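K.L.:
Build me a structure from this.
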Amino acid sequence: MIHSSFSKANECVKSRLFSTYFNQIYCLGLWILVTKKLQDKARVIINNYFRKVFGKWGIFSVSREFVSRNFTTWGAMRRRAVYSLLCRVANCDNDIISAIYNCKSYSINPIVIEGKKILTNCDNCID
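P.N.:
Sure, this is the predicted structure:
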């Protein structure tokens, strides 16, 4: 749908469309635990849509194209979103959220643990 609707649009419009649409998808995995297999599938789908929207086929680096067009790559977007979420929770003035944050069960919550892994694990640094 995206490809057919915007096939004649200029590069600037395509860039804006792609960036706006896929920035929303990148952050979905913050609220649930997503397996590496599912993340890899999502990355392939996004890369294929990138190829369709921009008419890039053959052997080339999608990550390099993302960077050259000022798009945030998959890994960088996840790290930025996780860092932002953890900082907002840590610095929240809301008494309920502060109580949850200071509770021992917060630090052993699987979603918090996964978020910290994303920020510190070198396997997630490769885009």
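K.L.:
Kindly confirm whether my reading is correct that residue 78 touches residue 115.
P.N.:
No: if you go by C-beta atoms under 8 Å, residue 78 and residue 115 don't touch, sitting 9.4 Å apart. C-beta here means a position set from N, CA and C on the backbone, and glycine is covered the same way.
K.L.:
Show me what the mean pLDDT comes to for the longest helix anywhere in the chain.
P.N.:
Ranked by residue count, the top helix of the chain under DSSP state H comes out as helix 36-54. Across helix 36-54, the average pLDDT comes to 83.
K.L.:
Relative to the centre of the chain, find the outermost residue for me.
P.N.:
residue 95 (29.3 Å; C-alpha atoms, centre = their mean).
K.L.:
Give me the pLDDT value at that residue.
P.N.:
Looking at residue 95, its pLDDT is 89.
K.L.:
From residue 102, how far out is it?
P.N.:
The gap separating residue 95 from residue 102 is 11 Å, by C-beta to C-beta, to the nearest Å.
K.L.:
for residue 92, same thing?
P.N.:
11 Å.
K.L.:
And residue 61, what's its pLDDT?
P.N.:
Reported pLDDT for residue 61: 83.
K.L.:
got any ranges where the protein has weak pLDDT?
P.N.:
1-5, 23-34, 121-127 (pLDDT under 70).
K.L.:
So which residues of it form helices?
P.N.:
Under DSSP H, the chain gives helices at 2-5, 11-26, 36-54, 62-68, 74-90, 95-102, 104-107, 110-120.
K.L.:
From the contact counts, what lies against the longest one?
P.N.:
To tie it back to what came earlier, the one meant is helix 36-54. The contact analysis (3 or more C-beta pairs under 8 Å, 6 or more residues apart in numbering; DSSP states H and E) places helix 36-54 against helix 2-5, helix 11-26, helix 62-68, helix 74-90.
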